[in-house]
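Novice: coordinates for the following, if possible.
(2 chains)
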Amino acid sequence: MAYVPLADQDHEQELHHPHSWVEKYVWSQDHKVIAIQYGGTAVLVGLVALVLSLLMRMQLGFPETFDLIDPNAYYQSVTMHGMIMVVYMLTALLLGGFGNYMIPLMIGARDMVFPFLNMLSFWFYLLSVLILLASFFVGGGPTGAGWTLYPPQTSMAGTPGHDMGIVLMLVSLAVFIVAFTMGGLNYVTTILQYRTRGMTLMRLPLTVWGIFVATVLGLFAFPALLVSAIMMMFDTLLGTSFFMPAIIESGTPMDYEGGSPILFQHLFWFFGHPEVYIVALPAFGLVSDVLSTHARKNIFGYRMMVWAIIAIGGLSFIVWAHHMYVSGMNPYFGFFFATTTLIIAVPTALKVYNWVLTLWEGDIRLNAPMYFAIGFIFTFIHGGLTGLFLGNVVIDLPLSDTYFVVAHFHMVMGVSPVLVIFAAIYHWFPKVSGRMYHEGLAKAHFWITFLGTYAIYLPMHYLGFLGVPRRYYAIGETDFIPASAQTLNESITIAALIVGAAQLIFIFNILWSLRNGAKADPNPWGSASLEWQTPDTPPVHGNWGDKLPTVYRWAYDYSVPGAKSDFIPQNMAEEDVEMEDSAAKGV
Amino acid sequence: MSLFKQITEKPWERKGIIGGLKPEGTFKSPAERVALNFFLIAASIVFSLFGVSYYIRMELPDWLPIAEPTSLWFNTVLLVLSSVLFQWARNVVGNGGSKNVKLAFFGGGVFAILFIAAQLQTWEELQLTGVYLSSNPAADFYFLLTGLHAIHIAGGLYVWIKCVFRMVTGAEAKEQRLSIELCTVYWHFLLVVWLVIFAVLANT
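Specialist: Residues are numbered from 1 along each chain as shown, chains lettered A, B, ... in the order given. Here you go, the predicted model:
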């Protein structure tokens, strides 16, 4: 391994050195501690959202048996489950958690460019979570307007949480956006400007590329949410009519006139669709690295993978109105968005082919991270294919607002990124904690989660075809829904409860392994990328000891012909590579 | 190496230390400037989306245009002066000098504060003539856009105050070169945003 003396580094970063326990673990400016703070908070708030979904499932599966929630609580659960999972769990965990942990380690930096801002980002995020959760404890409870917060419904008396609930939700989102912007500027600048010597853009692992483009998307898309949240806040608190039309509530006209609810939908989805890729792109990156490492093969088509990430990022800004086909838009408008939506399937499919081709003839190691990564390919293909149905206006119209849509987006942006998160947590756990997780428990966790996912969401597609509407507290008796649909609902609920309980295996495994897991090798998977080459495991403050690493190759030198080891670390110079035949040195 | 060249190279073919021994950023400027540029793009998107919303909302029948107060011209002059003074400080410090840098830099901030005060004064005037928040969508947008713009200036003033504090407590103007440059860029940006907002308000 070749290192460059500290004196030669004219880019050396000044580090903030903590002086006390509180500075080290609470007000920490170390990207690794901040990552764990972000990740831990995201997982905790994600568990709240998981419990909410189980409450909904109990109601849907056994409407007469359990009396856990009333219609208001059902709508509040729908709303909070959706918003927490998309924004406060997935976005925060993938960018705040993995982004923070991985970026400096993978690019060979000591920390983020602006560590103080990074710390502030976490505390603002925590504040936004607390404001959101506070809405459970105010009069009227949290908003029940659905996670899309469509006006005028948000402000109508019939909607739970139409007074304090919605205000807290909007304030919380605004604070979250501030937090994200502080973190996001850090990630982008660090990746662009603080790469170690030899680390060209095209030598970055795909994880960093995914996080980079997702962060740029976030910086450009969250403003739309901010704009709509500000205007809605004005409507709610100050009586303006940006979005609120003239409307009658319980027989009396409300104090609004002339606003445009459709304008809100445009703004919301101008954020909402890129948001899907803010979640998906980091997951694409992480899974690419996990697949390549455990297949002992370089990622297939690295350049295409990078370009596809960029192309998906760009296209994601011109597809938003496919969420609004039923809003009464001009058919030509719908045609345009259907076309762009189908075009975005091209780079996405390209990525899927490349993952599968990475596995082709690989020396596959079937350990837990690989299980989850391969599971992701399945769920993502299924969710992606149903997206082709919904992207077409004529097919979307009858399926809109049915369980088909619920099944589609849960497969493609719910379960898929979550499977990647599990793959990534198991994959990097040895580096983060210095210990191994329990392999058997991890595999049990995989099988229950993976098969359970199908038991939950496959039948939902069928319910959608039957026309079962989503967002209904109870279906009751209808002419077009057969009684057997209820039997399916029961089985879905049972599967959901089992999958929900199975997550306890994961939490137990992680907590138990932190103390009792076998001591991990610094690089147990034989990974080539830089984060596995740190002098200490887990990496200490400053990451690299007194010398920053130098990078000589890309992150995917696996099974290089002629080389003795089946991987060559990124920081190994050509002359240090041991060849099987010493004469063949320098291949 | 151009950005396009960087992302088209074939990493599996090229080994060794590419680009020499010094670690290089993608852009040849300090990290703070790169971060500021990304922030400016995000802020432009915020203002643009408000602009789009303005035009969409304007099409609806209950829109009653308001007569923009003439004092906005005076306020605009204040903001232009603020920008000019920042540019002056930047020019001097950029050429390695330090003469009048502090004066120009302090003056730039003071004129920005005067601008905010003048904008608030204009709000008062409008309210006296019966144009207040929630009276009409055009008025709502007026208060929203000018308020948001003022908040952005206030954010810039936070950085300005920190820099002023460093200068007052003994830092040389030259050491503050980057802060002065970034403040100047930010102020020019907000001047352009203001001119666009003013043009939109005045022409509708």
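
Novice: residues near B:W73, how many?
Specialist: B:W73 has 11 neighbouring residues, counting by other Cβ atoms under 10 Å in any protein chain shown. The way it works is simple: take the backbone N, C-alpha and C, and place the C-beta from them, glycine included.

Novice: helices or strands up against whichever strand or helix holds it?
Specialist: In the assignment (DSSP states H and E), B:W73 maps to helix B:71-94. The contact analysis (3 or more Cβ pairs under 8 Å, 6 or more residues apart in numbering or on different chains; DSSP states H and E) places helix B:71-94 against helix B:101-128, helix B:177-202.

Novice: ok, which of those comes nearest A:V352?
Specialist: helix B:177-202 (41.2 Å; Cβ to Cβ).

Novice: buried residues in that closest one, which are they?
Specialist: Going by neighbour count (16 or more other Cβ atoms under 10 Å in any protein chain shown), the buried part of helix B:177-202 is B:177, B:179-191, B:193-194, B:197-198, B:200-201.

Novice: ok, stretch A:101-116 next?
Specialist: Residues A:101-115 are the ones in stretch A:101-116 that count as buried (16+ other Cβ under 10 Å).

Novice: just the residues you listed that are near chain B?
Specialist: Residues of the buried residues of stretch A:101-116 in contact with chain B (Cβ under 8 Å from any Cβ of the partner chain): A:V113, A:F114.

Novice: so which of the buried residues of stretch A:101-116 are in helices?
Specialist: Within the buried residues of stretch A:101-116, residues falling in helices by DSSP state H are A:Y101, A:M102, A:I103, A:P104, A:L105, A:M106, A:I107, A:P115.

Novice: contact partners for the last one?
Specialist: The contact partners of A:P115, taken as Cβ atoms under 8 Å, 6 or more residues apart in numbering or on different chains, are A:L15, A:H16, A:Q29, A:D30, A:H31.

Novice: who's in contact with the residue of the stretch 251-400 of chain A found nearest chain B?
Specialist: Nearest residue of the stretch 251-400 of chain A to chain B: A:G258, at 3.4 Å (Cβ to the nearest Cβ). Residues near A:G258 by Cβ under 8 Å, 6+ apart: A:S241, A:P245, A:A246, B:L60, B:P61, B:D62, B:W63, B:P137.

Novice: redo the helices and strands packed on helix B:71-94 as TSV? Include mean pLDDT and distance to chain A.
Specialist: Putting the helices and strands packed on helix B:71-94 into TSV (pLDDT from 0 to 100; distance: least, Cβ to the nearest Cβ, whole Å) gives the following:
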stretch	mean pLDDT	distance to chain A
helix B:101-128	95	14
helix B:177-202	96	13
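
Novice: can you classify A:S28 by secondary structure?
Specialist: Of the three states, A:S28 takes coil under DSSP: H, G, I helix; E, B strand; the rest coil.

Novice: show me the contacts for it.
Specialist: With Cβ under 8 Å, 6+ apart, A:S28 has these contacts: A:P18, A:I34, A:Q37, A:M119.

Novice: where do the strands sit along the stretch 151-300 of chain A?
Specialist: For the stretch 151-300 of chain A, the strands defined by DSSP state E, counting those that start in this stretch occupy A:248-249, A:252-253.

Novice: buried sites along stretch A:573-584?
Specialist: A:A573, A:V577.

Novice: what about it, average pLDDT?
Specialist: Averaged across stretch A:573-584, the pLDDT comes to 79.

Novice: cool, and stretch A:355-375?
Specialist: 97.

Novice: still on that earlier bit, filter the contacts of A:G258 down to the buried ones.
Specialist: A:S241, A:P245, B:P137.

Novice: tell me who's in contact with the last one.
Specialist: This means B:P137. A:T240, A:S241, A:F242, A:G258, A:G259, B:R57, B:M58, B:L60, B:D62, B:W63.

Novice: which pair in those spans the largest distance?
Specialist: Maximum distance among the contacts of B:P137 (Cβ to Cβ): 14.4 Å, for A:T240 and B:M58.

Novice: give the residue from these two that has the larger number of neighbours.
Specialist: A:T240 (25 against 14).

Novice: follow-up on the earlier one: which one of the contacts of A:S28 is nearest to chain B?
Specialist: Nearest to chain B among the contacts of A:S28, with distances taken as Cβ to the nearest Cβ, is A:M119, at 15.7 Å.

Novice: could you verify my assumption that that closest one touches A:H31?
Specialist: No: using Cβ atoms under 8 Å, A:M119 is not in contact with A:H31, being 9.5 Å away.

Novice: looking at these two, which is more packed in?
Specialist: A:H31 (29 against 22).

Novice: between which two of the contacts of A:S28 is the distance greatest?
Specialist: Spatial extent of the contacts of A:S28 (Cβ to Cβ) is set by the pair A:P18 and A:Q37 at 14.0 Å.

Novice: so which of the contacts of A:S28 are also by chain B?
Specialist: Within the contacts of A:S28, nothing lies near chain B by Cβ under 8 Å from any Cβ.
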